[in-house]
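# sharing a model prediction with you, sequence too.
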Amino acid sequence: MSTLQSCCRTAWSGCARWVRLFSTASVRTCSGVALASVCGKSPSAKSIRVLHSFTQEPELLLEERQQVERSIQTSALSHYHAFIDSANCLSVVREQLSKACEGLEILSSSVPDLATTFESFSSDAAAVLTRHTANKQLLGQQSTLLELLDAPQLMDTCVRNGIFDEALDLHAFIMRVGLLHPDLPVVKLLVSQAQAVTQAMLGQLLQRLRTNIQLPECLRVVGYLRRMAAFSEADLRLHFLGCREDWLGQLIAELDDTDSYEYVKQLTDVHRLHLFDVVMQYRAIFFDGATAQDTKAANVREGSVLYTWVQHRIAHYMTAMQRHLPAVEEGTNLASVLEHCMYCCSSLSRVHIDFSSLMQPLFQLCTLRLFSSRLAIAVDAFHQRLDSHKWVVMPSPMHNKPTGADAAGASGQNGELSPPYVLMEHVPLAVFLNGVLSALNELRHCALLPLQKPAGALLQSALEQVASSLVHYKHTRNLADTEVALFMAATRALSDVVVSYLARCFGSVFPGGVTQLSAAAVTGILKDVNS
């Protein structure tokens, strides 16, 4: 209600101001006209009418004023809600205008930040535009890029399927792209993936060198390694020999070493076959045919790698032989192993690898050890039989055979090396002779000429041990007269029959070996029997 009253008062005050303005303007106009009429010399009828109308003008204006006031009052009463709305609108406008001023101040303070944001947006928009342009260009080259991105996967597929030529071509292509665009992340990724596949391919190629491959395949594999440029020439030689060494080591590890005889033969065959192949492959692949002065030293140095590896391989072979060869306890088996080894040396001599001079001392030692052990067995058997022997006269059929030196001469005339029958009367000597003949039978299969003197010395020592045992037996036992006669016959048989017979047997094993045994030394020991 107060708002309505204030609006009405405001409307009335406005109307009053307009009425006063109109009244003042009318008075001023009438006064001017009257003054003009007074100052005239003779006013006309027209002037009189004008003056009359001016004199009635205040009344008309007053009436008009009243009419206007009534009209204003009527209008104000009939349209009071418009005044209320105008007042409300004015208050709202004032309130919103104050808020707008506050917002304007905030906006004014935010203008620098807005400018910075606009600049950032502008730069971001430029970057987005650049990326959009790049993406558009990328879309245009989509098929080419897909082929390029598939190159490492295709390379890996080629490597898995053993198609190394195409894999190397793809690797060379990716490396060229990497040289042309070294700063692009996708190119860096492609190069890294290609390098990873290359390492896998390198492992596969080296693994192939660790298998049983022939020369053509070796040439292809080494050709691939050279194209990859993963190693220098010297390192490539070392890796080739290292892989072949692993392969040989794997073959040797698969051999069964429970039977030394079979193991040594198989080991020799492995070296004869595969060591020869490796040397031939190396010489065919790494041909050192340059003879120029500036490459001579390099060729010698690189060629020595092969022979260093061969020495290493032969050293391992000799170590294995030294460990297993003494376990071969039969002369026939030892001779068979010797034949295998000599055949191996003969085969490898075609590539200038002949190590037979290293094998002979080893076989001499093993043969001499075998002969010595068999002689020791014979001597032990003689001792055991001597301790348990009873000196009695043998049955009469034995006396029908030749005796003494006659028996030895008869066997010699017949040209045979059958044992003398006279030794059947002396069982300990017969046991000893059988043991020595067994030892000579083992020796004759592997009778190397350098063994003549040491083997003769061993046999002479065995005979002297037997003679010394007889002397010791005579002095430590109380024998009857009949037993003494039989014992003395046994001593004579040892010096006259056994020594001469074994000398001829030894001479049949070694040419000229008869002179290696001395009957005088045995006789000299047996002289103490009569003392």
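Cool, the structure landed.
# now the element after the helix or strand of the chain with the lowest mean pLDDT, going C-ward?
Least confident helix or strand, the chain: helix 404-413 with a mean of 42, by mean pLDDT, DSSP states H and E. Once the chain leaves helix 404-413, the next helix or strand it forms, by DSSP states H and E, is helix 427-444.
# that next one packs against which elements?
Counting contacts by 3 or more CB pairs under 8 Å, 6 or more residues apart in numbering; DSSP states H and E, helix 427-444 is packed against helix 331-348, helix 356-388, helix 452-476, helix 481-493, helix 499-509. (Each C-beta comes from the backbone N, C-alpha and C, glycine too.)
# want to throw these into JSON lines with distance to Leu202 and mean pLDDT?
Listed next are the helices and strands packed on helix 427-444 as JSON lines, based on distance: least, CB to CB, whole Å; pLDDT from 0 to 100:
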{"stretch": "helix 331-348", "distance to Leu202": "31", "mean pLDDT": "90"}
{"stretch": "helix 356-388", "distance to Leu202": "37", "mean pLDDT": "91"}
{"stretch": "helix 452-476", "distance to Leu202": "55", "mean pLDDT": "90"}
{"stretch": "helix 481-493", "distance to Leu202": "78", "mean pLDDT": "86"}
{"stretch": "helix 499-509", "distance to Leu202": "59", "mean pLDDT": "90"}
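# could I get those as CSV with mean neighbour count and distance to Leu325?
Formatted as CSV, the helices and strands packed on helix 427-444 follow (neighbours: other CB atoms under 10 Å; distance: least, CB to CB, whole Å):
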stretch, mean neighbour count, distance to Leu325
helix 331-348, 19, 7
helix 356-388, 17, 5
helix 452-476, 18, 17
helix 481-493, 16, 38
helix 499-509, 20, 21
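# for Val177, which of those helices is the nearest?
Closest to Val177 of the helices and strands packed on helix 427-444 is helix 331-348 (CB to CB; 49.9 Å).
# not counting its own residues, what contacts the closest one?
Helix 331-348 is contacted from outside by 261, 264-265, 268-269, 271-272, 275-276, 279, 321, 325, 328, 354-356, 359, 363, 366-367, 370, 441-446, using CB atoms under 8 Å, 6 or more residues apart in numbering.
# how does it look with 7 Å?
With CB atoms under 7 Å, 6 or more residues apart in numbering as the test, helix 331-348 has contacts from 261, 264-265, 268, 271-272, 275-276, 325, 328, 354-356, 359, 363, 366-367, 370, 441-443, 445-446.
# same question for stretch 492-502.
Applying CB under 7 Å, 6+ apart, the set of residues contacting stretch 492-502 is 404-405, 407-408, 420, 422-423, 426, 429, 433, 436, 459, 463, 466-467, 470, 517, 519, 522-523, 526.
# filter these down to the buried ones, PyMOL style.
Only the buried entries of the contacts of stretch 492-502 go into this PyMOL selection, using 16 or more other CB atoms under 10 Å:
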select buried, resi 407+408+420+422+423+426+429+433+436+459+463+466+467+470+517+519+522+523+526
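# if we can go back for a sec, rebuild the helices and strands packed on helix 427-444 as TSV, extending it with distance to Arg313.
As requested, these are exported to TSV (distance: least, CB to CB, whole Å):
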stretch	distance to Arg313
helix 331-348	10
helix 356-388	13
helix 452-476	31
helix 481-493	55
helix 499-509	35
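# buried subset of the contacts of helix 331-348?
Here, 16+ other CB under 10 Å leaves 261, 264-265, 268, 271-272, 275-276, 325, 328, 355, 359, 363, 366-367, 370, 442-443, 445-446 buried among the contacts of helix 331-348.
# quick one: list the elements packing against the helix or strand harbouring Ser75.
Assigned by DSSP H and E, Ser75 falls within helix 45-78. Helix 45-78 is packed against helix 2-39, with contacts defined by 3 or more CB pairs under 7 Å, 6 or more residues apart in numbering; DSSP states H and E.
# quick check: mean pLDDT of the helix it packs on?
Mean pLDDT, helix 2-39: 46.
# next one: stretch 60-79
Here the average pLDDT along stretch 60-79 is 86.
# buried set for it?
Buried, per 16+ other CB under 10 Å, within stretch 60-79: 61, 65, 72, 76.
# these into JSON lines, with extra columns for distance to Ser495?
Putting the buried residues of stretch 60-79 into JSON lines (distance: CB to CB, whole Å) gives the following:
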{"residue": "Leu61", "distance to Ser495": "194"}
{"residue": "Arg65", "distance to Ser495": "191"}
{"residue": "Ile72", "distance to Ser495": "182"}
{"residue": "Ala76", "distance to Ser495": "178"}
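# and Leu448, what does it touch?
By CB under 7 Å, 6+ apart, the neighbours of Leu448 are 360, 363-364, 367.
# centroid-nearest residue for this protein?
In the chain, the centroid-proximal residue (CA atoms, centre = their mean) is Gly203; its distance is 6.5 Å.
# what packs against the longest helix along the chain?
The longest helix of the chain (DSSP state H) is helix 80-140. The elements that helix 80-140 packs onto, with contact taken as 3+ CB pairs under 7 Å, 6+ apart, are helix 2-39.
# one step back: what's the closest of the buried residues of stretch 60-79 to Ser508?
Ala76 (167.0 Å).
# how much space between the closest one and Asp85?
Distance, Ala76 to Asp85, using CB to CB, to the nearest Å: 14 Å.
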